[in-house]
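Enquirer: Any chance you can model this:
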Amino acid sequence: MAVVRPHEHFSGRHVAGHAGGLRRVRRIAPHLFQLEEIIVKLSPYPPPRLVFWETTAGCNLACIHCRRITVADQLLPQDLTTRESFDLIDQIAEFARPIFVLSGGEPLFRPDIFDIARHASDAGL
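Expert: A predicted model of the protein is given here:
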């Protein structure tokens, strides 16, 4: 059985790019966080000290170096909803207090980014 490091569950939305990835994540996410509690308690690895969350690939700029230039002019259906974002923040705050960075695309492209930032701050992140 492979060793699962706690921080590997919070590495952005990369899973959503795989076939059926987002549906699978949403289906198993509640179970992952129950498992996460056990792994954190038993793991020889410390909880994450730094979490970068790509809140959206959407952006109103057209930077030539951007890897997301083909999809950057809109919010994506794979982006978490505000409620899902709050839930993710709460779940991270339950087991760790990392430095929490809201990244993107352009985070300010999300109309709810200040609500998300406030919720993270209130949760101690």
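Enquirer: In this protein, where is pLDDT below threshold?
Expert: 1-44, 67-75 (pLDDT under 70).
Enquirer: which residues in it form helices?
Expert: 21-42, 82-95, 113-122 (DSSP state H).
Enquirer: Quick check: buried residues in the second one?
Expert: Same thing as helix 82-95. Ser85, Phe86, Asp87, Leu88, Ile89, Gln91, Ile92, Ala93, Phe95 (16 or more other CB atoms under 10 Å). Using the backbone N, CA and C atoms, a C-beta is placed for each residue, glycine as well.
Enquirer: Also the shortest one?
Expert: Neighbour counts over helix 113-122 (16+ other CB under 10 Å) mark Ile113, Ile116, Ala117, His119, Ala120 as buried.
Enquirer: how far away is Thr55 from Phe86?
Expert: Between Thr55 and Phe86 the computed distance is 12 Å (CB to CB, to the nearest Å).
Enquirer: So Asp79 is in contact with Trp53, correct?
Expert: No: between Asp79 and Trp53 there is no contact, the gap being 11.0 Å when judged by CB atoms under 8 Å.
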